[in-house]
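S.K.: what's the 3D shape of this:
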Amino acid sequence: MTAVLIVDDSKLARIVVGKAVAALQPDWTRLEAGNADEALSLLETQSVDVVILDFNMPGRNGLELAEELRARHPAMPIALATANVQDEVIARARAAGATFVPKPITEEGLRGFISGAALKLRSSDA
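M.R.: Have a look, this model is predicted:
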């Protein structure tokens, strides 16, 4: 069973991302967190395979969380979703091994990341 963690301080944004994930991978379990600390607590108790992070959040931003997750989970597929399309943000996301996904999130915008993550997870299970 594959679990995806959606981290965004906006409930509406989490719903939108959840719907896009459900359309692409209906059998994936969707977990939600409203900020970085909530996400890290959830990761202590839940098995998570894929993470989709918002960039702008109170406390630690999505990039800082991505860097922390990457250190703990070197192979985990991580997407950083943001409307902040600055070269520096994109470069730091890539350096953290995170896929950049522009906001607003759409099924189409997530398709490449989700199919790549599913492929990666299937090959690591084999």
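
S.K.: what comes into contact with the helix or strand harbouring Ser41?
M.R.: Here Ser41 is covered by helix 36-45, with elements defined by DSSP states H and E. Applying CB atoms under 8 Å, 6 or more residues apart in numbering, the contact partners of helix 36-45 are 5, 7, 31, 33, 48, 51, 53, 57, 59-62, 64-65, 68-69, 72. Every residue, glycine included, has its C-beta placed from N, CA and C.

S.K.: need the next SSE after that helix, C-terminal direction.
M.R.: Beyond helix 36-45 on the C-terminal side, the first helix or strand identified by DSSP H and E is strand 50-54.

S.K.: please compute how far that next one lies from its chain's middle.
M.R.: 1 Å (CA atoms, centre = their mean, to the nearest Å).

S.K.: what angle do that strand and helix 36-45 make?
M.R.: 170 degrees (axes from the mean of the first three to the mean of the last three CA atoms, to 10 degrees).

S.K.: helices or strands up against strand 50-54?
M.R.: Counting contacts by 3 or more CB pairs under 8 Å, 6 or more residues apart in numbering; DSSP states H and E, strand 50-54 is packed against strand 3-7, helix 11-24, helix 62-72, strand 78-82, helix 107-125.

S.K.: for that strand, which strands pair with it and how are they oriented?
M.R.: strand 3-7 (parallel), strand 78-82 (parallel) (DSSP bridges).

S.K.: and for that strand, what's in contact with it?
M.R.: Under CB under 8 Å, 6+ apart, the answer for strand 50-54 is 2-10, 13, 17, 21, 28, 39, 62, 65-66, 69, 76-82, 98, 101, 103, 110, 113-114, 117, 121.

S.K.: picking that back up, among the strands paired with strand 50-54, which is nearest Ile90?
M.R.: Closest to Ile90 of those, according to CB to CB: strand 78-82, at 8.7 Å.

S.K.: can you list the neighbours in contact with the closest one?
M.R.: Contacts of strand 78-82 (CB under 8 Å, 6+ apart): 8, 17, 50-56, 62-63, 66, 69-70, 89, 93, 96-103, 105, 110, 113.
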